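Enquirer: Pasting the sequence and the predicted coordinates here, then a few questions.
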Amino acid sequence: MDLLIINKNMKINQFKIILYTFILLLIASSFSLTYASNVSVFISPTTASKYVNDNTNTNTNVNVDPAGNDVCVVKGSLIFENLSCKSITLTEGLMAQSVPTCSKPNFVIGIPSCTKTEKTLFSINTGFSNVGTSSIKLSNISVIGIGVAASSTSIDGNFTVLTKEVVKEPVVVDTDKDTNVIDDTETTINDTEKEVIASSSETEDTEIDVEVPKKKFNLLASINDILSNISGEVVAWIVIIMVATIIIITGWKADHKEHKKEDDNKDNK
């Protein structure tokens with residue numbers, strides 16, 4: 001009887017231990033699934049201005065920000081748009097299951113002892129040959145904490161490619177040489193002035209007969225010139241006066257002929 005009771009109590013205790021263990025595993029797994037959230041994998045710098053065929057300031061980094069959580073492994077791939085990848089350099093102290101290269105930019109990088117602070121995974125040496133926009137994009141990113149994959153965000157790098165301005169070197173002027181040139185110029189000018197004065201004095205002594213062409217008088221052209229300088233109202237009045245004068249003269253001539261005709265008839269009688 002006592003043996004049965006002891007066996008029963010042992011089974012009950014075993015059941016409780018299994019139950020408690022299961023509950024603790026559920027709680028631990030829930031923390032493990034959420035502890036590595038808000039992890040960010042990003043291109044640094046995320047935005048920048050680059051220059052065509054510039055051999056300086058061409059490195060771009062791929063960083064991970066654990067946001068205070070443990071991050072042990074980062075995996076993913078790169079996509080290059082409108083730029084050339086020259087080389088990829090893994091950060092010292094990291095272990096790579098898959099090392100990224102320019103021809104195969106896939107990576108699986110392990111961080112020994114994991115990390116809770118921001119870390120550079122590798123750097124990319126790039127080249128820009130065309131003006132416009134270019135980018136480095138992150139693809140298929142996943143982050144693994146302590147044996148558990150966690151959700152993460154990724155931020156691409158976008159660049160504006162510009163033409164580099166060429167700085168012109170200042171022209172050094174030799175002041176002594178310029179002074180000599182100015183003196184030579186003044187000497188030349190003085191000689192020229194002397195020649196002009198001499199030639200002008202010679203022309204003053206010589207009498208020059210210039211035949212002035214005689215202008216023919218043109219009545220119509222003169223009338224046109226006069227009329228072009230007279231306003232329209234004056235021209236209208238002149239026309240009216242001329243017409244009235246012609247009418248008066250015509251009437252006077254007609255009346256004169258009539259009187260003459262009457263005088264002739266009287267003489268004939």
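Expert: That came through fine.
Enquirer: got any ranges where the stretch 101-250 of the chain has weak pLDDT?
Expert: For the stretch 101-250 of the chain, applying pLDDT under 70 flags the ranges 165-232, 235.
Enquirer: where do the strands sit along it?
Expert: 106-115, 119-127, 132-144, 149-150, 152-155, 157-162 (DSSP state E, counting those that start in this stretch).
Enquirer: Distance to Thr250 and mean neighbour count added to those, as a markdown table?
Expert: Glycine gets a C-beta too; all of them are placed from N, C-alpha and C. Shown next, in a markdown table, are the strands of the stretch 101-250 of the chain (distance: least, C-beta to C-beta, whole Å; neighbours: other C-beta atoms under 10 Å):
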| stretch | distance to Thr250 | mean neighbour count |
| --- | --- | --- |
| strand 106-115 | 119 | 16 |
| strand 119-127 | 105 | 18 |
| strand 132-144 | 93 | 17 |
| strand 149-150 | 124 | 17 |
| strand 152-155 | 109 | 18 |
| strand 157-162 | 93 | 18 |
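Enquirer: which one of the ones you listed lies closest to Gly93?
Expert: Relative to Gly93, the nearest member of these by C-beta to C-beta is strand 106-115, separated by 7.0 Å.
Enquirer: I'd say Asn140 and Gly76 touch.
Expert: Yes: with contact defined as C-beta atoms under 8 Å, Asn140 reaches Gly76; the gap is 5.2 Å.
Enquirer: quick one on the thing from earlier: pipe the strands of the stretch 101-250 of the chain into JSON lines and attach distance to Val99 per row.
Expert: As requested, these are arranged in JSON lines below (distance: least, C-beta to C-beta, whole Å):
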{"stretch": "strand 106-115", "distance to Val99": "7"}
{"stretch": "strand 119-127", "distance to Val99": "9"}
{"stretch": "strand 132-144", "distance to Val99": "17"}
{"stretch": "strand 149-150", "distance to Val99": "21"}
{"stretch": "strand 152-155", "distance to Val99": "20"}
{"stretch": "strand 157-162", "distance to Val99": "20"}
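Enquirer: So which of the ones you listed is nearest Asn57?
Expert: Of those, the one closest to Asn57 (C-beta to C-beta) turns out to be strand 119-127, at 10.2 Å.
Enquirer: C-alpha coordinates for that closest one, PDB please?
Expert: Provided in PDB are the C-alpha atoms of strand 119-127 (Å, rounded to 0.1, in the frame of the first residue of the first chain):
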ATOM      1  CA  LYS A 119      29.400  46.900 -36.400                       C
ATOM      2  CA  THR A 120      30.800  47.200 -39.900                       C
ATOM      3  CA  LEU A 121      30.600  43.800 -41.700                       C
ATOM      4  CA  PHE A 122      32.600  44.700 -44.800                       C
ATOM      5  CA  SER A 123      33.400  47.700 -47.100                       C
ATOM      6  CA  ILE A 124      32.900  48.100 -50.800                       C
ATOM      7  CA  ASN A 125      35.200  50.000 -53.100                       C
ATOM      8  CA  THR A 126      33.100  51.500 -55.900                       C
ATOM      9  CA  GLY A 127      33.500  53.500 -59.100                       C
END
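Enquirer: That one packs against which elements?
Expert: Here strand 119-127 touches strand 59-65, strand 71-81, strand 84-90, strand 106-115, going by 3 or more C-beta pairs under 8 Å, 6 or more residues apart in numbering; DSSP states H and E.
Enquirer: Pull up the pairing partners for the third one, direction included.
Expert: The reference is to strand 84-90. strand 119-127 (antiparallel) (DSSP bridges).
Enquirer: For this protein, give the helix that spans the most residues.
Expert: helix 232-268 (DSSP state H).
Enquirer: check contacts around Gly157.
Expert: Contacts for Gly157 (C-beta atoms under 8 Å, 6 or more residues apart in numbering) come out as 42-48, 60, 135-137.
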